[in-house]
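J.: 3D, please:
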Amino acid sequence: MTKTISLKHKVLWGILAGIAAGMIMGAVGYTLHALGIMTVSGMKLNASMILPSELMDTNWVIPAGMLVHMFFSTFFALIFVFLAELLKYKNYTVLGFMYGVIIFVVNAGIMAPLMALHAPFWNMPIKGMLSTLSVRLIYGGFLGYYSGRWVFSDKKEKKSAAV
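T.: Modelled structure (predicted):
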């Protein structure tokens, strides 16, 4: 018998899984940037999507960068939740790692170059390409793990139905 998970449950816990995975990804990305391994600041890159250029050297960069990062983290998480449900593949962490590769290709190969944020990953130095891939793998892996525990768990569905 296949269990039915409510839309409200999938959206709520999917968003929370995305926020948690996004926070971990952001912390790792920030650390890689601070160590000089990741040459592009994800915070500045994200902020540049919504801030005018004259505000890019102000205190607005961090909140704007976090806002964009959390938006994309939750957006991609919700897509993952509905794709995982369609695929019916129960190893959510493995599925999350595969999803991280897809996000890497879409973000670093299509979206960022189209938005003139940076070169496509195949034109990046190897260090930049690997660090960009690694943070997306980290995001995908944690997103899959948290989705399996929170979104697709019988325990969470029973608790949220009782509330």
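
J.: count the neighbours of residue 49 for me.
T.: Residues near residue 49, counting by other Cβ atoms under 10 Å, number 16. Yep, even glycine has a C-beta here, placed from its N, CA and C like the rest.

J.: likewise for residue 7?
T.: Around residue 7 there are 9 residues (other Cβ under 10 Å).

J.: how close does it get to residue 149?
T.: Per Cβ to Cβ, to the nearest Å, residue 7 is found 19 Å from residue 149.

J.: residue 79 now?
T.: Distance from residue 79 to residue 149, by Cβ to Cβ: 19 Å.

J.: residue 122 too?
T.: Distance check for residue 122 against residue 149: by Cβ to Cβ, it reads 35 Å.

J.: with neighbour numbers in mind, choose between these two.
T.: residue 149 (15 against 9).

J.: mind checking pLDDT for the more buried one?
T.: With respect to pLDDT, residue 149 scores 97.

J.: how would you label it: helix, strand or coil?
T.: helix (DSSP: H, G, I helix; E, B strand; the rest coil).

J.: ok, now residue 117?
T.: Counting by three-state DSSP, the backbone at residue 117 sits in coil.

J.: ok, and the closest non-adjacent residue to it?
T.: Closest residue to residue 117 apart from its sequence neighbours, by Cβ to Cβ, 6 or more residues apart in numbering: residue 45 at 5.6 Å.

J.: the helices in the chain, which residues?
T.: Here the chain has its helices, by DSSP state H, at 7-34, 42-47, 61-87, 92-106, 112-114, 126-146, 154-162.

J.: okay if I get the ones you listed as CSV plus distance to residue 53?
T.: Converted to CSV, the helices of the chain look like this (distance: least, Cβ to Cβ, whole Å):
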stretch, distance to residue 53
helix 7-34, 20
helix 42-47, 11
helix 61-87, 12
helix 92-106, 26
helix 112-114, 17
helix 126-146, 23
helix 154-162, 44
